[in-house]
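next one to model:
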Amino acid sequence: MLIDKISKAVSQKMLDASVISIEDKDIYYYGLQLIVSTIIKGMGLMIIAILFDKAIEALIFIGAFGILRINAGGFHLDTYFKCFVVTSASMMLCIWIGSITPLQLVPYIIACALVITVLLVFRYAPVDNPNRPLSAREHRKFRIRSIYTIMIMVIIIIALYYVKTQLYKYLCIASLSIMFEGLTLLPVWRN
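Numbers count the residues shown, from 1 in each chain. A predicted model of the protein is given here:
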């Protein structure tokens, strides 16, 4: 796969140049996989969004989803392609719902999405990555960060809701995005 080839080549070049030690090569390889896959996925999501003239909406989805995902973790699919397909479909679904929802229903969608997400984060976050399990100390750290992150996001969304009516569609998309991330925390996805 392209992501693996790029990550292997770069980590090998770093080893050859004595930038990293042989003991650290696997750690850098894994980190490079994450970086390369994130860049490729982000570019792919933005290309899809631009094709549908939804670039701002996509940036809101990617930002809201990504900020919570970094701290809370969540379910991982077994291939990058499956991850891309599910994330793309989720992004377009969140954008579509946020775009077609009548203005008078937006507050209810935002409120429901935020309540569901807060409950999921408080109950299940953080979720380990099978490729890199969290130590007890890291688990506590990411649990606190997840709770702070979701609370800050809730405050921002609610505050912006009361500031500008023109932001309702974007706030709906942001709320649905973090709810989608919250759903990936559910234990039903784990083996």
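
pretty sure Ile3 is touching Gln33, no?
Yes: between Ile3 and Gln33 there is a contact at 5.9 Å, judged by Cβ atoms under 8 Å. To be clear about C-beta, it is placed using only N, CA and C from the backbone, and glycine gets the same treatment.

got the contact list for Ile56?
Tyr170 (Cβ atoms under 8 Å, 6 or more residues apart in numbering).

show me which helix or strand of the protein is least confident by mean pLDDT.
One helix or strand of the chain scores below all others by mean pLDDT, DSSP states H and E: helix 2-16, with a mean of 82.

following it, which helix or strand comes up?
Counting by DSSP states H and E, the element after helix 2-16 in chain order, helix or strand, is helix 25-51.

just after that next one, pick out the following helix or strand.
helix 55-72.

for that next one, buried residues please.
If you call a residue buried by 16 or more other Cβ atoms under 10 Å, then helix 55-72 has these buried ones: 57-62, 64-65, 67-69, 71-72.

tell me the centre residue of this protein?
Gly66 (3.1 Å; Cα atoms, centre = their mean).

picking that back up, nearest to Ala125 among the buried residues of helix 55-72?
Ala72 (3.9 Å; Cβ to Cβ).

that closest one and Asp4, how far apart?
For Ala72, the distance to Asp4 (Cβ to Cβ, to the nearest Å) stands at 26 Å.

which residues of the chain score low on pLDDT?
Along the chain, segments meeting pLDDT under 70 span 131, 191.

walk me through the domains of it.
Per automatic domain parsing, the structural domains of the chain span 1-51, 54-189.

of those domains, flag the one that's most buried.
domain 54-189 (a mean of 17; mean count of other Cβ atoms under 10 Å).

spit out the contact partners of Asn129.
Contacts of Asn129 (Cβ under 8 Å, 6+ apart): Gly73, His76.

bridging residues for it?
Arg132 (DSSP bridges).

surely Trp189 and Asp78 touch.
No: with contact defined as Cβ under 8 Å, Trp189 does not count as touching Asp78 (11.7 Å).

where does the nearest residue to Arg123 once chain neighbours are set aside land in three-state SS?
Spatial nearest neighbour of Arg123, excluding adjacent residues (Cβ to Cβ, 6 or more residues apart in numbering): Leu185 at 7.8 Å. Assigned by DSSP: H, G, I helix; E, B strand; the rest coil, the conformation of Leu185 is coil.

show me the contacts for Leu185.
Contacts of Leu185 (Cβ under 8 Å, 6+ apart): Ala72, Gly73, Gly74, Phe75, Leu120, Val121, Arg123, Tyr124, Ala125, Val127.

the fourth one: what secondary structure?
When you say that, I think you mean Phe75. The assignment at Phe75 comes out as coil when based on three-state DSSP.
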